[in-house]
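Undergrad: Sharing a model prediction with you, sequence too.
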Amino acid sequence: MNNNKSEIKFLVDFMCGRLAKWLRILGYDTEFYKEKSRNKILIESLREQRIILTRDTKLSNKKAYKILFIKSDKIREQIKQVLKEFNLKLDKEKFFSRCSLCNKLVVKIEKDKVKDEIPLYVYESQQEFYQCPECKRIYWQGSHFELFNKEIQQILNKK
Ligand SMILES: [Zn+2]
């Protein structure tokens, strides 16, 4: 946990909600900014040293910590653009380390404690469970994890 020297942080505006969710799933610290006020998002970017990801062309000439104008409205292209722009190397270990809803780092939770909150087949087939400290959502590496891996590989390989 002590190698956060170059940890990149994002601030995604209301036009790119799906992108925020995906970046969180990939393990990146990504705040989602719902409000439409341009000033506030700029201030937050500077204060927290977050890179703004936006489709708002009027923002791109403003002063912020850093701004990346997202070119496409297609989620695959958006992810590709961000990864390419910042030369990000994906780390499988970090996948699903954050809650896709709150951006909080999930924490490991004992299997017995989640028994009543998950489907029985999940309880019986999975060993490791994680929980979001904020919304209490429970995560595990089930079949969706494999699907996600496949999808992200496709995104990365597609030219
Ligand atoms: Zn959460």
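TA: Yep, that arrived.

Undergrad: how far does the helix with the most length in the chain sit from the chain's center?
TA: Looking across the chain with DSSP state H, the single longest helix is helix 143-157. Counting by CA atoms, centre = their mean, to the nearest Å, helix 143-157 is centred 15 Å from the centre of its parent chain.

Undergrad: buried residues in that helix?
TA: Neighbour counts over helix 143-157 (16 or more other CB atoms under 10 Å) mark 148, 152, 155 as buried. Every C-beta, even on glycine, is put in place using the N, C-alpha and C of the backbone.

Undergrad: Just the closest of those residues to the ion, please.
TA: Nearest to the ion out of these is residue 148 (CB to the ion; 17.3 Å).

Undergrad: Pretty sure that closest one sits against residue 25.
TA: Yes - using CB atoms under 8 Å, residue 148 makes contact with residue 25 at a distance of 6.8 Å.

Undergrad: Helices of this protein, start to end?
TA: Remark: helices assigned in the chain by DSSP H are 17-25, 38-48, 75-85, 111-114, 120-125, 143-157.

Undergrad: Tell me what angle the third one forms with helix 17-25.
TA: Inter-element angle recorded for helix 75-85 and helix 17-25: 50 degrees (by axes from the mean of the first three to the mean of the last three CA atoms, to 10 degrees).

Undergrad: Which neighbours do residue 148 and residue 25 have in common?
TA: Residues touching both residue 148 and residue 25 (CB atoms under 8 Å, 6 or more residues apart in numbering): 95-96.

Undergrad: What distance do you get for the spatially most central residue of the chain to residue 61?
TA: Nearest to the mean C-alpha position of the chain, counting by CA atoms, centre = their mean, stands residue 24 at 1.3 Å. Separation of residue 24 from residue 61 (CB to CB, to the nearest Å): 28 Å.
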